[in-house]
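*Asks:* would you be able to build a 3D model of this:
(one chain, ligands or ions: 3)
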Amino acid sequence: MSDSTRLRIAIQKSGRLSDDSIALLKAIGIKLQIRDRLLIAHSTNEPIDLLRVRDDDIPGLVMDGVVDLGFIGENELEEKMLERQAAKKQAAFNTLRRLDYGGCRLSIAVPNEMAYENIKSLEGKKVATTYPFLLERFFAQKNVNAQAVMLTGSVEVAPRAGVADAICDLVSTGATLEANGLCEEDVVFNSKAVLIQKADALSDEKQALVSRLLPRIDGVIQAKE
Ligand code: PRP
Ligand code: ZN
Ligand code: MG
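*Replies:* Ligands and ions are numbered 1, 2, ... in the order given. Take a look at the predicted model:
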């Protein structure tokens, strides 16, 4: 069960960050028993519990102080921060470390047959994305009047489905764009995984544990360089 004296860390249950985040925790000596169906995983050698959730939920869990730490992509974090600021909700947290995995970029891509010169080519167009706040901020910075259309999945098929003219989605290898006849045009946001901590102070015991873990994380990252 949940025990408030144990450090609670939110981690993506499955997806681009989960394996690397678990590998990092194991590399710094945290023994974990992860059962696929279970939301919570207890460490057997440290007072640490992992909460395994959807990555979209992690920034909010940290900002609401429901968990102490979270491993999250900067793209999700920044999007959720903008969303919460717009809703006048608490959006504070501390970034402990920028990590060496989870690299990807949020990019605008258009159908191969579409004429595209620069971002102004999207004037008056619809752009499907899971990151409307990041995209709208980019449009505002570039003085472009285009409409972000929110889709939580299958963004890459939106142009073919006639739902949008272009997309703004995460790209890492580019295989998804290629497979869908889309061409990457502009980078909106560059992202890596980060480790964040809630804004409110931790208990002395928990803070001491975090302070012991961080140098080990630095050591693992340096050893890979
Ligand atoms: C992202 C994005 C693309 C894919 C791009 O999805 O939505 O589908 O990754 O990666 P690629 O350039 O290597 O092909 P993600 O895997 O994060 O999962 P989701 O779409 O289910 O959220
Ligand atoms: Zn339990
Ligand atoms: Mg996808």
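*Asks:* may I have the beta-bridge partners of the residue sitting nearest the centre point of the chain?
*Replies:* Most central in the chain under Cα atoms, centre = their mean is Gly73, positioned 2.7 Å from the mean C-alpha point. For Gly73, the beta-bridge assignment (DSSP bridges) gives partners Ala193.
*Asks:* so it makes contact with Arg105?
*Replies:* No - applying Cβ atoms under 8 Å, one finds Gly73 not in contact with Arg105, separated by 10.9 Å. From N, CA and C alone the C-beta is placed, and that goes for glycine too.
*Asks:* what's Arg105 in contact with, if anything?
*Replies:* With contacts defined as Cβ atoms under 8 Å, 6 or more residues apart in numbering, Arg105 is in contact with Leu170, Val171, Ser172, Val187, Val188, Phe189, Asn190, Ser191.
*Asks:* can you list those in JSON lines and add neighbour count?
*Replies:* Output for the contacts of Arg105, formatted as JSON lines (neighbours: other Cβ atoms under 10 Å):
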{"residue": "Leu170", "neighbour count": "19"}
{"residue": "Val171", "neighbour count": "18"}
{"residue": "Ser172", "neighbour count": "12"}
{"residue": "Val187", "neighbour count": "12"}
{"residue": "Val188", "neighbour count": "21"}
{"residue": "Phe189", "neighbour count": "19"}
{"residue": "Asn190", "neighbour count": "12"}
{"residue": "Ser191", "neighbour count": "20"}
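*Asks:* the lengthiest strand in the chain pairs with which strands?
*Replies:* For the chain, the strand reaching the highest residue count under DSSP state E is reported as strand 182-191. With DSSP bridges as the criterion, the sheet partners recorded for strand 182-191 are strand 104-111 (antiparallel).
*Asks:* buried residues in the strand it pairs with, which are they?
*Replies:* Applying a neighbour-count criterion of 16 or more other Cβ atoms under 10 Å, one finds Cys104, Arg105, Leu106, Ser107, Ile108, Ala109, Val110 buried in strand 104-111.
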